[in-house]
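**Q** Sequence first, predicted coordinates after that:
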Amino acid sequence: MADAYVQTDQFRGARIHLSDLAGLEIRDCEVTGLKIVDCYGGDVYLGGDFARLVVNDVDVTAYVESELDRQHPTRALAREAASPADYRAAWDAIEAQWAATLDRARLLPEATLHERVDGEWSFVETQRHLLMAGDAWLGNAVLEEDTPLHPLGLPPGGMPPEASAKLGLTLDATPTLDEVLAPRQARMATMRRVVDGLTEAELDRVCGRKPGDTYPDQEYVVRRCLKVVLKEEAEHHRYAVRDLAVLEARA
């Protein structure tokens with residue numbers, strides 16, 4: 001089994017030279033300033049949120065973003081939402097694409113929806129994570145609900161297990177798709193009610209809470225919190241349909 005390094009800074013500023021790094025996986029890490037120079041390989045994959053990405057001295061940042069927007073137009077709607085109408089339009093698109101994707105997913109056996117593709121979250125785990133995102137950024141921060149977090153929610157991959165346990169999350173649960181969709185779709189319905197009633201004043205309101213105890217102590221404005229929900233939905237839908245294609249091919 002490969003060595004695992006978790007929550008360490010021992011590689012900060014390191015220089016790895018003339019080494020075999022085949023199969024190396026870097027996940028949920030801060031990589032600002034990372035340089036891979038004069039290396040070679042048959043298959044290299046990069047995935048994440050990069051402010052600037054340069055490949056062989058060519059800045060490909062704008063190309064990658066424009067191509068992702070072309071393939072997944074909801075990304076742009078979520079990212080560029082500014083007015084109440086923009087937020088409603090983005091949520092309209094998100095609801096529609098998830099409805100179609102859920103119909104597609106239900107054509108596969110339940111067990112297949114729990115399979116991971118290349119170590120990424122399964123389809124059911126993706127629904128659990130989006131439940132958590134809505135609970136934290138909408139239910140907790142924006143609406144200040146008494147008990148916003150559903151135990152089936154799945155936090156970001158970088159959250160320590162002990163922090164998840166303090167939130168009352170059952171990480172080792174193995175719910176069916178329908179068991180996850182019950183609270184997930186209820187949270188989506190709450191988001192629908194919120195965006196339908198949005199005003200400019202509400203968008204600029206400062207929230208009385210932050211999304212969770214693990215988040216920084218800073219000002220959280222409604223427009224920012226709702227935009228996080230929109231972006232999470234758009235990006236994880238992209239991941240979900242990418243992996244669904246693999247699962248369908250296997251089936």
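**A** Sure, I can see it.
**Q** Based on its surroundings, how many neighbours for Thr174?
**A** Thr174 has 8 neighbours, counted by other C-beta atoms under 10 Å. C-beta here means a position set from N, CA and C on the backbone, and glycine is covered the same way.
**Q** List the contacts of it.
**A** With contact set as C-beta atoms under 8 Å, 6 or more residues apart in numbering, Thr174 has these partners: His114.
**Q** how does it look with 10 Å?
**A** Shown in contact with Thr174 (C-beta atoms under 10 Å, 6 or more residues apart in numbering): His114, Val124.
**Q** That one: which element?
**A** Using DSSP states H and E, Thr174 is not contained in any helix or strand.
**Q** State the phi and psi torsions of it.
**A** Thr174 adopts backbone torsions of phi -130, psi 60, taken as degrees, to the nearest 10.
**Q** measure it to Leu24 for me?
**A** 30 Å (C-beta to C-beta, to the nearest Å).
**Q** Which secondary structure element of this protein has the lowest mean pLDDT?
**A** In the chain, no helix or strand scores lower on mean pLDDT, DSSP states H and E than helix 161-166, which sits at a mean of 72.
**Q** Need the residues that contact it.
**A** Under C-beta under 10 Å, 6+ apart, the answer for helix 161-166 is 132, 153-156, 160, 169-172, 212-214.
**Q** Rank the residues you listed by pLDDT and give me only the lowest.
**A** Lowest pLDDT among these: Pro160, with 68.
**Q** circling back to that earlier point, identify, from the contacts of helix 161-166, the entry nearest to Phe50.
**A** Set against Phe50, the nearest of these by C-beta to C-beta is Pro156 (17.4 Å).
**Q** was I right about that closest one contacting Val228?
**A** No. Using C-beta atoms under 10 Å, Pro156 makes no contact with Val228, being 11.5 Å away.
**Q** Looking at these two, which is more packed in?
**A** Val228 (19 against 13).
**Q** Distance check, the closest residue to that one other than its chain neighbours against Thr190.
**A** In space, and not counting its chain neighbours, Val228 is closest to Trp137: 4.8 Å by C-beta to C-beta, 6 or more residues apart in numbering. Using C-beta to C-beta, Trp137 is found at 12 Å from Thr190.
**Q** rewinding a little: mind listing what's buried along the least confident helix or strand of the chain?
**A** Ser164 (16 or more other C-beta atoms under 10 Å).
**Q** now stretch 193-210: mean pLDDT?
**A** 97.
**Q** neighbour-wise, which of Trp137 and Thr190 wins?
**A** Comparing Trp137 with Thr190 by other C-beta under 10 Å, the one with more neighbours is Trp137, at 29 against 17.
**Q** Quick check: neighbours shared by Pro156 and Val228?
**A** The contact lists of Pro156 and Val228 share Ala133, Ala136, where a contact means C-beta under 10 Å, 6+ apart.
**Q** what do Trp137 and Thr190 both touch?
**A** If you check Trp137 and Thr190 against C-beta under 10 Å, 6+ apart, the residues they both contact are Leu143.
**Q** do you know how far Arg15 is from Pro183?
**A** 47 Å.
**Q** Now do the buried residues in the strand or helix carrying Ala201.
**A** Ala201 is part of helix 200-203, with elements assigned from DSSP H and E. Burial within helix 200-203, assessed by neighbour count using 16+ other C-beta under 10 Å, is assigned to Leu203.
**Q** same check, this time on stretch 191-201
**A** Met191, Val194, Val195, Leu198.
**Q** The third one contacts Arg223, doesn't it?
**A** By that I understand Val195. No. Applying C-beta under 10 Å as the test, Val195 and Arg223 come out as separate, 11.3 Å apart.
**Q** what touches both of these two?
**A** With C-beta under 10 Å, 6+ apart, Val195 and Arg223 have common neighbours Ala81, Pro84, Tyr87.
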